[in-house]
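Engineer: give me a 3D structure for the following:
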Amino acid sequence: MPKMKSVKGAVKRFKVKKSGKIKRGTAFRSHILTKVDGGHHRANRSPKYVDQADAAKIKEMIV
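Structural biologist: Just a heads-up that it's a prediction; the model follows:
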């Protein structure tokens, strides 16, 4: 049986950290941010991680 290929879209979007958590991007931070209030803008700056329920499925796609 051949090797399973990784899902390239997932590889580009997620990164596995040393702790085993999967880092993900944040939506709504690309443009027209003048309308967004400061609190929301600052909250988007902090790193986000995938929920544990989805982590196993994403790891399967990446590796």
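Engineer: my guess is residue 22 contacts residue 59. True?
Structural biologist: Yes. Between residue 22 and residue 59 there is a contact under CB atoms under 8 Å: 6.9 Å. (Each C-beta comes from the backbone N, C-alpha and C, glycine too.)
Engineer: show me which of these two is the more surrounded one.
Structural biologist: Each of residue 22 and residue 59 has its neighbours counted (other CB atoms under 10 Å); residue 22 has more, 22 against 15.
Engineer: number of nearby residues for the nearest residue to the more buried one once chain neighbours are set aside?
Structural biologist: Nearest non-adjacent residue to residue 22, counting by CB to CB, 6 or more residues apart in numbering: residue 50, 4.2 Å away. Residue 50: 18 surrounding residues under other CB under 10 Å.
Engineer: once you drop chain neighbours, what's closest to residue 33?
Structural biologist: Going by CB to CB, 6+ apart, residue 33 has residue 41 as its nearest residue, at 6.1 Å.
Engineer: in what helix or strand does that neighbour lie?
Structural biologist: Under the criterion of DSSP states H and E, residue 41 resides in helix 38-43.
Engineer: past that helix, which element shows up next along the chain?
Structural biologist: Of the helices and strands lying after helix 38-43 in sequence (DSSP H and E), the nearest is strand 48-49.
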